[in-house]
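J.: just a sequence and a predicted model for now, questions to come.
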Amino acid sequence: MKRIIVILSCVLITGGQIFAGNPDRRGEAGAAELLMNGWGRSTGLWSMNSADVQGIEAERINPAGIAFTQHTEIAASYALWLQGSGVGVAHAGFAQGFKDNVFALSIQALNLGSIQKTTTSNPEGGIGSYSPAFINIGVSYARKFSNSISGGVTVRLIDEGLGNLNAFGMCIDAGLQYVTGPKDNIHFGVSLRNVGTPMKFSGDALATSVNIVSTSTYTLSEQSTVNKFELPTQLNIGAAYDIWMGAKKEIKPKVFKQDYRLTALANFTSNAFGYDYYGVGLEFGWREIFMLRAAWRFEKGQFNPAQRLDVYTGLAAGATFDIPFKKDGGPRLAIDYSFRATSPFQGTHSFGLRINL
């Protein structure tokens, strides 16, 4: 317990130092895809389940939740980001448990479609198109330190490319989860995300040719300079409470199970380069086979269209079918869906598929 208190204190102190910056820095970070969660289950709660998120989706919220993977989990999802914009977000991941240790690999890729090339000489286009490539790959390790405490860390490599213009970077996510209560029904979580190196674009695309005319005409190559940009660091602090209902069934000696679960959660997210978020959510589950969830996220200026700077209006909802292959448990197949309301556009829709072996 002393070791966990020390680790938790370090996370909070480090987070406090990072978020003690000047408010004028808001909006200056790059690599915004690090904050784009397209997983089908957690987005139904606005990614605010940092206290009790479990499985491979935890890599995008609180890597401590990966420690709850018992054997093997394989998952994939695709999000229609701001439907109508033509943007898609794909996720895929794999997690493998070894006793109290879990290792995971995850990848995120953005589909930005095809964009027409334009230049000062061809402002109307007609000279081809290009497709930006935004990819990041995460390698995670999580461990259960005890029946109550789990921790995890993710090292993420970031690659942004646009033709012959690229930027590379690396960041680290770290988090802790604590479970207590008579039925292990009280959850607390804290995570610090996207702490890493500044990124900078470089490549041949920054070189331009300039014609110099004097007694004779000759061409020089001019190299443009670009500034570095920081990563969108984020701090999450959350809590959740499970209410179990229904008749008790003894599945093992002195181990009982109930059919219905109602989970209430609350979360605060501090963004170093944007408005802070806070919100609440509810999830209802029947035998952990069928789940419904909904959440509301609050931020500054949300209810005033003249002040709101985010297209998201606050509501998120989703559902999950998590079907076991056998009555007594074993492998499971899950289908996830979530919706996040926006104005304008037609919302963000996420679809997910996962297998637990």
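T.: Received, thanks. Residues are numbered from 1 along each chain as shown.
J.: now do the end-to-end distance for stretch 68-77.
T.: 20 Å (CA to CA, to the nearest Å).
J.: now it, how far from the centre of its chain.
T.: Per CA atoms, centre = their mean, to the nearest Å, the displacement of stretch 68-77 from the mean C-alpha position of its chain is 16 Å.
J.: can you list contacts of stretch 99-106?
T.: 56, 59-60, 66-69, 91-96, 137-145, 152, 154 (CB atoms under 8 Å, 6 or more residues apart in numbering). To be clear about C-beta, it is placed using only N, CA and C from the backbone, and glycine gets the same treatment.
J.: buried subset of those residues, written for PyMOL?
T.: Of the contacts of stretch 99-106, the buried ones go into a single PyMOL selection, burial set by 16 or more other CB atoms under 10 Å:
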select buried, resi 56+59+60+66+67+68+69+91+93+94+95+138+140+141+142+143+144+145+152+154
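J.: can you tell me which of the contacts of stretch 99-106 end up in strands?
T.: Taking DSSP state E, the ones among those that sit in strands are 91-96, 137-144, 152, 154.
J.: list just the nearest of those to Val179.
T.: Lys144 (9.9 Å; CB to CB).
J.: ok, that closest one - contacts?
T.: Contacts for Lys144 (CB under 8 Å, 6+ apart) come out as Ala67, Phe68, Asp100, Ser150.
J.: one more: Asp336?
T.: Asp336 touches 39-41, 44, 77, 318-320, 350-354, counting by CB under 8 Å, 6+ apart.
J.: same question, Gly189
T.: 50-53, 62, 64-65, 175-178, 236-240.
J.: mind redoing it with 7 Å?
T.: Ser50, Ala51, Asp52, Asn62, Ala64, Gly175, Leu176, Gln177, Gly238 (CB atoms under 7 Å, 6 or more residues apart in numbering).
J.: on the three-state scheme, it is what?
T.: strand (DSSP: H, G, I helix; E, B strand; the rest coil).
J.: repeat for Gln54
T.: Per three-state DSSP, Gln54 ends up coil.
J.: surely it meets Phe68?
T.: Yes: if you go by CB atoms under 7 Å, Gln54 and Phe68 touch, sitting 4.0 Å apart.
J.: partners of Asn267 in the sheet?
T.: Taking DSSP bridges as the rule, Asn267 bridges to Gly238, Gly279.
J.: ok, it - contacts?
T.: Met48, Ser50, Asn236, Gly238, Tyr278, Gly279.
J.: tell me how far it lies from Thr154.
T.: 19 Å (CB to CB, to the nearest Å).
J.: Gln108 too?
T.: 12 Å.
J.: neighbours of the closest residue to Pro232 other than its chain neighbours, how many?
T.: Spatial nearest neighbour of Pro232, excluding adjacent residues (CB to CB, 6 or more residues apart in numbering): Ala29 at 4.2 Å. Neighbour count for Ala29, taken as other CB atoms under 10 Å: 22.
J.: just Gly246 next, same as before
T.: By other CB under 10 Å, neighbour count at Gly246 equals 12.
J.: same deal with Asn136?
T.: By other CB under 10 Å, neighbour count at Asn136 equals 20.
J.: check Lys248 too.
T.: Lys248 has 10 nearby residues by other CB under 10 Å.
J.: and it, what does it touch?
T.: Phe256, Gln258.
J.: what do you get for the one 10 residues further on?
T.: Applying CB under 7 Å, 6+ apart, we find Gln258 in contact with Trp244, Met245, Gly246, Lys248.
J.: now the third one: how far from Pro324?
T.: Separation of Gly246 from Pro324 (CB to CB): 18 Å.
J.: what do you get for the second one?
T.: Distance from Met245 to Pro324, counting by CB to CB: 21 Å.
J.: how about the first one?
T.: Spatial separation of Trp244 from Pro324 under the definition CB to CB is 19 Å.
J.: which SS state does Asn236 fall under?
T.: From three-state DSSP, the assignment for Asn236 is strand.
J.: if you drop the residues flanking it in sequence, what lies closest to it?
T.: Ser50 (4.1 Å).
J.: kindly confirm my reading that the one you found is in a helix.
T.: No: using three-state DSSP, the secondary structure at Ser50 is coil, not a helix.
J.: can you name the residues that contact it?
T.: Ile61, Asn62, Gly189, Ser191, Asn236, Gly238, Asn267.
J.: I'd like these written out as a markdown table, with distance to Phe256 added.
T.: Formatted as a markdown table, the contacts of Ser50 follow (distance: CB to CB, whole Å):
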| residue | distance to Phe256 |
| --- | --- |
| Ile61 | 30 |
| Asn62 | 28 |
| Gly189 | 26 |
| Ser191 | 32 |
| Asn236 | 32 |
| Gly238 | 27 |
| Asn267 | 29 |
